[in-house]
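>>> Structure of the sequence below:
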Amino acid sequence: MKLASTTSAGVTGPNWVLVVAAVLVSGLLIAGPALRRRYPVAWWLLLGFPVAAFRVTQTWRPLMAGCGLAVSRRPALTIVSGLVGNGASPPQPRVPRRGLIRPTSGGFVLLVRLLPGQVPEDFVKAAPAMAEDWQVHAVRVTSWKPGVVRIVASAADPLAAPRIPKQQGPGHLLRVTVGALETGDAWVLDLRRVPHWLIVGATRSGKSTLINALVARLAPQSVALVGIDCKGGMELSLYEPRLSALATNREQAVRLLAALVDLTLDRMTICRAARVRNIWGLPDKERPVPVVVIVDELAELFLVANRNEKDEAQAAGTALIRLAQLGAALGVFLVVAGQRVGSDLGPGVTALRAQLGGRVCHRVADPGTAEMALGDLNPDALKAAQAITPEQAGTAVLASGDGWERARSHLITEAEAEAVAAEYAHLTPVLSELHVEAP
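Take a look at the predicted model:
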């Protein structure tokens with residue numbers, strides 16, 4: 001009888017492969033905790049993802065059946081086989097067909113084709129059960145295309161400690177990274193794509209942190225930053241060396257907003273004379289500098305106590321609406337923030353909200369503010385924002401016409417904000433048309 005070939009150590013060829021595999025797996029398991037701490041992405045790809053993918057494949061059919069997403073193949077045949085009792089097992093129900101499970105830096109994604117009669121909302125309701133069965137932090141379900149949904153799973157909460165990327169110079173104009181998304185991707189605000197934003201949040205919810213991150217990332221770019229802070233400049237005065245103009249009360253704000261409207265109309269005249277539709281069609285040397293207007297605490301502009309204040313509030317609201325309508329094409333962008341934003345502040349707030357296509361909602365003190373921020377865009381985003389707890393400071397829901405995401409901004413301290421403003425103060429454009437003298 002012929003003996004199996006052996007290695008010099010006396011171990012057969014096939015067994016040698018098993019030994020090597022066992023050693024590698026054991027080494028990964030022993031080094032797993034340290035690898036997870038120092039190299040979380042590598043740990044996930046080497047250990048976490050294979051285990052998670054195995055769970056998905058093993059639980060897919062019973063999970064679909066338990067969530068009511070499986071469909072019987074032949075109901076009549078099932079009944080007959082039960083009556084006859086011939087021992088034949090009933091046919092297996094049909095389950096939605098899933099695609100390849102693909103890893104991400106902190107989770108995985110897969111596409112699922114719906115069965116006839118199913119809608120994406122059926123899978124949205126099943127998302128908590130998927131997260132429980134697959135032992136992951138969260139599962140998000142979105143419509144991918146007609147008849148197909150996209151399932152994104154996060155192995156851990158990437159918003160617990162978002163990684164802060166190193167600043168890489170000015171980057172793309174008006175496109176900045178301000179935090180991390182729940183998917184693990186960077187949270188990028190691109191004002192060229194979504195030009196105007198509304199940011200709401202209660203005290204200590206992370207609203208000011210987001211503004212700090214936004215200003216810190218915009219400071220190295222060739223843009224003009226304009227601040228309106230009617231609380232005496234308590235927040236935005238940190239960046240005064242980098243601001244081309246700053247209004248610290250409503251009277252100053254009304255004059256500054258009027259000057260911004262005039263600046264916008266002047267740019268409209270320039271574009272019309274050059275026969276272009278926006279400033280981006282002008283030659284680089286003739287293109288005016290983009291202006292980002294940051295309004296902190298919108299309610300201070302609209303709250304009134306007498307007739308004179310009512311006229312000021314109306315003028316401020318009208319100017320903001322005009323800037324929102326005209327600014328995108330003419331290089332004027334709005335970032336409007338507030339603790340409370342509701343229709344009770346006046347019809348101007350509702351009209352302004354309609355012009356602000358990007359929304360960010362942190363934890364809010366009243367449901368009306370969350371409704372104002374997200375209710376007209378996405379009901380699921382509204383529910384997610386209302387579920388943010390006080391312990392999740394910095395966490396927010398951002399929404400636009402492209403959909404919605406959970407995100408968290410990078411922490412920029414006041415000292416860091418002042419340092420950034422001082423470092424890039426030399427880049428502050430001088431806009432003489434915004435220096436309006438008091439009457």
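>>> can you give me phi and psi for the nearest residue to Glu300 once chain neighbours are set aside?
Taking C-beta to C-beta, 6 or more residues apart in numbering, and ignoring the residues beside it in sequence, Glu300 has Cys230 as its nearest neighbour in space, at 3.6 Å. Quick note: C-beta positions are derived from backbone N, CA and C, even for glycine. In this entry, Cys230 is assigned phi and psi values of phi -80, psi 10 (degrees, to the nearest 10).
>>> Trp197 versus Cys230, what's the distance?
19 Å (C-beta to C-beta, to the nearest Å).
>>> Skipping adjacent residues, who's closest to Asp122 in space?
Excluding its sequence neighbours, the residue lying closest to Asp122 (C-beta to C-beta, 6+ apart) is Leu69, at 6.1 Å.
>>> meant to ask about Ala351, not that
Using C-beta to C-beta, 6+ apart and skipping the chain neighbours, the partner closest in space to Ala351 is Ile321 (5.5 Å).
>>> my guess is the one you found meets Leu356, correct?
No - under the contact definition of C-beta atoms under 8 Å, Ile321 does not touch Leu356, with a separation of 10.1 Å.
>>> ok, the two, which is more surrounded?
Neighbours were counted for Ile321 and for Leu356 using other C-beta atoms under 10 Å; Leu356 has more, 21 against 18.
>>> Let me see the contact set for that one.
In this structure, Leu356 makes contact with 196-198, 324, 334, 336, judged by C-beta atoms under 8 Å, 6 or more residues apart in numbering.
>>> now, which of those sits nearest Leu110?
Distance ranking of these against Leu110, using C-beta to C-beta, places Trp197 first at 31.9 Å.
>>> doesn't Val335 make contact with the closest one?
Yes - counting by C-beta under 8 Å, Val335 is a contact partner of Trp197 at 5.0 Å.
>>> So which of these two has more stuff around it?
Ranked by neighbour count (other C-beta under 10 Å), Trp197 and Val335 place Val335 first, with 25 against 22.
>>> The more buried one and Ile228, how far apart?
Taken as C-beta to C-beta, the spacing of Val335 relative to Ile228 amounts to 10 Å.
>>> try Gln58
Following C-beta to C-beta, the distance that separates Gln58 from Ile228 is 57 Å.
>>> So for those two, which residue has more residues nearby?
More neighbours surround Ile228 than the other of Gln58 and Ile228, with 29 against 12 (other C-beta under 10 Å).
>>> List the beta-bridge partners for the more buried one.
Using DSSP bridges, the beta-bridge partners of Ile228 come out as Ala247, Val295.
>>> The residue nearest to Asp122 looks like it's in a strand, true?
No - the assignment for Leu69 by DSSP: H, G, I helix; E, B strand; the rest coil gives coil, which leaves it out of any strand.
>>> Let me know the closest of the contacts of Leu356 to Ala155.
Closest to Ala155, out of all of the contacts of Leu356 and judged by C-beta to C-beta, is Trp197, at 30.0 Å.
>>> What pLDDT is listed against that closest one?
The model reports Trp197 with a pLDDT of 95.
>>> Grab the nearest non-local neighbour of it.
Spatially, and ignoring its direct neighbours in sequence, Trp197 is nearest to Gly358 (3.9 Å; C-beta to C-beta, 6+ apart).
>>> just checking, the one you found touches Val200?
No - with contacts counted by C-beta under 8 Å, Gly358 stays clear of Val200, the gap being 12.0 Å.
>>> Centre of the chain to the helix or strand encompassing Met372, how far?
Under the criterion DSSP states H and E, the helix or strand holding Met372 is helix 367-374. If you compare the mean C-alpha spot of helix 367-374 with that of the full chain, they lie 17 Å apart, counting by C-alpha atoms, centre = their mean, to the nearest Å.
>>> Over to stretch 113-126?
What separates the centre of stretch 113-126 from the centre of its chain is 25 Å, taken as C-alpha atoms, centre = their mean.
>>> swap in stretch 363-375?
Using C-alpha atoms, centre = their mean, we find the averaged C-alpha position of stretch 363-375 to lie 17 Å away from the chain's own average C-alpha position.
>>> re earlier: so which of the contacts of Leu356 are in strands?
Filtering these for membership in strands, criterion DSSP state E, returns 197-198, 334, 336.
>>> can you list those in CSV and add distance to Ser343?
Putting the ones in strands among the contacts of Leu356 into CSV (distance: C-beta to C-beta, whole Å) gives the following:
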residue, distance to Ser343
Trp197, 19
Leu198, 14
Leu334, 19
Val336, 15
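>>> Which of the residues you listed sits closest to Thr209?
When the ones in strands among the contacts of Leu356 are ranked by distance to Thr209 (C-beta to C-beta), Trp197 comes first, at 15.0 Å.
>>> and the closest one, what is it in contact with?
Each residue near Trp197 by C-beta under 8 Å, 6+ apart is listed here: 189, 334-336, 356-360.
>>> before we move on, back to that, buried set for whatever helix or strand comes next after the helix holding Met372?
The first helix or strand that comes after helix 367-374 along the chain, using DSSP H and E, is helix 379-386. Counting neighbours by 16 or more other C-beta atoms under 10 Å, one finds that the buried residues in helix 379-386 are 380-382, 384-385.
>>> now do stretch 226-244
Applying a neighbour-count criterion of 16+ other C-beta under 10 Å, one finds 226-230, 233, 235-244 buried in stretch 226-244.
>>> Okay, now the unreliable bits of the chain?
Using pLDDT under 70 as the threshold, the predicted model of the chain has low-confidence ranges 1-37, 73-91, 161-171, 436-439.
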